[in-house]
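Novice: I would like the atomic coordinates for the input below:
(one chain, ligands or ions: 1)
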Amino acid sequence: MAIALLALVACSTTSTSVSGSGAPTAGVSASSGLPTAVGSLPTSIATSSTVAPTENRAPSPTLPAPSALPSTPAPAATQAIYPTPLYRYPIGAPGRPLGDGFVIRHSYAAENTWFNPGWWHTAEDWYAIEGSTVGARIYAVADGEVVFAGANYPGRVVIVQHTDGLFSMYGHLDPALAVKAGQWVSRGSLIGTVGPDAPRAPGHLHFEIRTFLTQPEVNGAAPRYGYRCGVNCPPGPGYWPIDAPDHPSDLGWRNPTHVIAGRAFADDASGTLGEVVVASRPVSSSVTLWSAPPGSDEARQSLGDLELRPDEQFQLLGIQAGPEDSRGTSAEAYRLWYRIRLPDGRDGWVEAAAPSSAETGSDGRPSSISFNFFPFTTAAP
Ligand SMILES: [Zn+2]
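Specialist: Residues are numbered from 1 along each chain as shown. Next comes the predicted model:
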């Protein structure tokens, strides 16, 4: 995806939507390392009685009762040829889809009241859902060159410049890094592990995506706000004042989840993009299946509720992510929807990542992001 940075910035103000053609691909399934195969369990669809309060939509059609749904398992899996995702999540547990088992405790452009009140967080803080995050493996989200490795943030910082010009930054790592400055890394390459608990916060990954290594007003020759890192410090402050006249996206920070989802596949990718898997700890026990993602031009209607069974896989037909330079604040600014195909051939849109009030800003709005689905082709090595 060798596209000039300027072109990417220019088109980054609109939502990114990659949608497959929906052509039937019955019997095609990626070989997996996970125990649950597509179609091994009949997928339960209950007629929806849930009505989103803000949706203005047509009535839901009546869906067949679960007992009327096909119970025949999908044909024997064959090796599918799916496009390779260009971007992936930065953290993972061995053998699990990247991102699974983790939560974004403090999201992009949300206030972190217990750590740095009064400042927007310019990154995503990834934590293990259960137990300590210390030692979790950190991977390059895309191909690129390591342009910085060092600092004490606390913990080491690695910054990678990708082929599309964006920079990814991984903070609070263990001193025993797996990479050095000047080294080329491929997407999924091990960068290091999460470092030990620090005096002010438990061990976690501070993960940024941005358009700059140093930016004069942020961390270059003339930082506008004196904070921690100082002059010409590539890691940068990691925060931006809430009372600043500009949003972090104005300075060049980007919403990492929106970038990873929006750039996962080339714009002309079509057909079945891959597979997604239900998170081991989904946000809720079911999600509503919609005929279109939010904000689309078409009339949008509920197709019923889909029960979420951990590890169940679905074919991925499309992705809709919010803008990379999102201007919203709090976790409510996030938008990540997948179009999936059910074992019976029908398809619809589901919310893949949802805001959570596990952490909130001083205004009470949610600061955390939890996941219902993860891309499946990205099992951690
Ligand atoms: Zn952070």
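Novice: got the contact list for residue 197?
Specialist: Residues near residue 197 by C-beta atoms under 8 Å, 6 or more residues apart in numbering: 132, 134, 203. C-betas here are computed from N, CA, C, even on glycine.
Novice: let's see it at 6 Å
Specialist: Neighbouring residues of residue 197 by C-beta atoms under 6 Å, 6 or more residues apart in numbering: residue 203.
Novice: need the pLDDT of it.
Specialist: At residue 197, the pLDDT value in this model is 93.
Novice: quick one: it from residue 127, how far?
Specialist: Distance, residue 197 to residue 127, using C-beta to C-beta, to the nearest Å: 12 Å.
Novice: kindly report the same for residue 159.
Specialist: 21 Å.
Novice: got it, and residue 320?
Specialist: 26 Å.
Novice: then residue 164?
Specialist: According to C-beta to C-beta, residue 164 and residue 127 sit 28 Å apart.
Novice: looking at the two, which one has more neighbours?
Specialist: residue 127 (23 against 19; other C-beta atoms under 10 Å).
Novice: and the more buried one, what helix or strand is that in?
Specialist: Per DSSP states H and E, residue 127 falls inside strand 124-128.
Novice: okay, now the residue lying closest to residue 108 once chain neighbours are set aside: neighbour count?
Specialist: Nearest residue to residue 108 in three dimensions, chain neighbours excluded: residue 255, at 4.7 Å (C-beta to C-beta, 6 or more residues apart in numbering). For residue 255, the count of nearby residues is 29 (other C-beta under 10 Å).
Novice: residues in contact with residue 255?
Specialist: 108, 324, 326.
Novice: can you pull the contacts of the second one?
Specialist: Okay, so that is residue 324. 12, 254-255, 258-259.
Novice: which residue ranges of the chain form helices?
Specialist: With DSSP state H, the ranges of helices along the chain come out as 5-10, 248-251, 256-262.
Novice: give me the mean pLDDT for the second one.
Specialist: On average, the pLDDT along helix 248-251 is 98.
Novice: taking the protein, what residue is nearest to the ion?
Specialist: The minimum distance from the chain to the ion, using C-beta to the ion, falls at residue 206 (3.5 Å).
Novice: my guess is residue 168 meets residue 209, correct?
Specialist: Yes - contact criterion C-beta atoms under 6 Å: residue 168 and residue 209 qualify, at 5.3 Å.
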